[in-house]
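Enquirer: could you work out the structure for the sequence below:
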Amino acid sequence: MLFTKTASLVAVLMCLGGALRVTTALIFGGDAEAMLRYVGGQSPGAYIDQGLMIIFYGLIVGVLTEISRSVAKFSKNSHAKIEGNE
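Expert: Prediction:
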């Protein structure tokens, strides 16, 4: 269960980090000097693309976390039923 909780935290952090990256690129995208100072030398489009990819991977990790959680719950219920029948 430790890995499931850790993966859930990682998924949330990835989604928040990606959203922050997209938001930063949208805020400073019109000003080339601000882009260079705050987010580096890449274009705003590249930062938006990277942010969306991070959000996408965060969602994938979140889905895998939910699958892990439901499999663990199902396994726990199955063992309880088997032990109760004996």
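Enquirer: ok, how many other residues are close to Ala46?
Expert: 13 (other Cβ atoms under 10 Å). From N, CA and C alone the C-beta is placed, and that goes for glycine too.
Enquirer: and if you look at the one 4 residues further on?
Expert: Each residue near Gln50 was counted by other Cβ under 10 Å, and the total is 15.
Enquirer: tell me the contacts of it?
Expert: 18, 21 (Cβ atoms under 8 Å, 6 or more residues apart in numbering).
Enquirer: I'd like the average pLDDT over stretch 69-85.
Expert: When pLDDT is averaged over stretch 69-85, the result is 75.
Enquirer: begin at 27, not 1, for the rest of this chat.
Expert: Yes, from this point I'll number from 27; that puts the last item at stretch 95-111.
Enquirer: what's the pLDDT at the most centrally placed residue in the chain?
Expert: Computing the C-alpha centroid of the chain and ranking residues by Cα atoms, centre = their mean puts Gly84 first, at 2.1 Å. Taken from the predicted model, the pLDDT recorded for Gly84 is 97.
Enquirer: look up how far Val36 lies from it.
Expert: The span separating Gly84 from Val36 equals 8 Å under the rule Cβ to Cβ, to the nearest Å.
Enquirer: and for Phe54?
Expert: When Phe54 is compared with Val36 (using Cβ to Cβ), they lie 27 Å apart.
Enquirer: the two: who's more crowded?
Expert: For Phe54 versus Val36, the count of surrounding residues by other Cβ under 10 Å is larger for Phe54: 18 against 15.
Enquirer: give me the element Cys41 is part of.
Expert: Under the assignment given by DSSP states H and E, the secondary-structure element containing Cys41 is helix 28-54.
Enquirer: what packs against that helix?
Expert: With contacts defined as 3 or more Cβ pairs under 8 Å, 6 or more residues apart in numbering; DSSP states H and E, the secondary structure elements packing on helix 28-54 are helix 58-64, helix 70-111.
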